[in-house]
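**Q** Quick one, structure for this:
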Amino acid sequence: MTDTLIGPELREQARETGSDLACREYDADLWFSEQPTELEFAKSLCADCPVRLECLSGALDRHEPWGVWGGEIFEKGNVVARKRPRGRPRKDAALIEQAAEAELAARTKELALAGVAVS
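**A** Residues are numbered from 1 along each chain as shown. The predicted structure is shown next:
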């Protein structure tokens, strides 16, 4: 991501912790990819980020329309469990969707315990 995508407060906080931000080291397109596997990779890079919760909170406040923010995938301003691939749905898509929703519910609960309000 570029300097315009993450605010100066988050950049300063990362500098204070001595951490490099993955979103500044990798190609910004990774966080806005149409490919589910690339978005999952971007999410994994956010996992150990020192400003992950602040990034996620800011994205929720701004109602980011899409992309990976704070380790979560946004679509139309909402956090979604997974990005659906293009094309015809799989026959077991309902089971996959149920598992993804359960995972999202668990992450939402974890974030709520950390003080991040997720809608």
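**Q** Can you tell me what sits against stretch 67-83?
**A** Defining contact as CB atoms under 8 Å, 6 or more residues apart in numbering, one finds that stretch 67-83 is touched by 30-32, 34, 36, 39-40, 42-43, 46-47, 49, 52-60, 63-66, 96-97, 100-101, 103-104, 107-108, 116, 118-119. Quick note: C-beta positions are derived from backbone N, CA and C, even for glycine.
**Q** The same query, at a cut-off of 7 Å, please.
**A** Stretch 67-83 has contacts (CB atoms under 7 Å, 6 or more residues apart in numbering) with 31-32, 36, 39, 42-43, 46-47, 52-53, 55-56, 59, 63-66, 100-101, 103-104, 118.
**Q** So, low pLDDT: which residues of the chain?
**A** For the chain, applying pLDDT under 70 flags the ranges 1-11, 13-19, 83-87, 89-90, 118-119.
**Q** Now do the strands in it.
**A** Ranges of strands in the chain, per DSSP state E, are 66-69, 72-75, 78-80.
**Q** can you put these in JSON lines and add distance to A22?
**A** Listed next are those as JSON lines, based on distance: least, CB to CB, whole Å:
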{"stretch": "strand 66-69", "distance to A22": "10"}
{"stretch": "strand 72-75", "distance to A22": "14"}
{"stretch": "strand 78-80", "distance to A22": "19"}
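**Q** Pick the most deeply packed of those.
**A** Mean neighbours per residue, mean count of other CB atoms under 10 Å, is largest over the strands of the chain for strand 66-69, with a mean of 22.
**Q** Alpha carbons of that one, in CSV - could you do that?
**A** The C-alpha atoms that make up strand 66-69 are tabulated as CSV, following Å, rounded to 0.1, in the frame of the first residue of the first chain:
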residue,chain,number,x,y,z
TRP,A,66,-13.0,-3.4,-0.8
GLY,A,67,-9.6,-4.8,-0.1
VAL,A,68,-7.8,-6.3,2.8
TRP,A,69,-7.6,-4.0,5.8
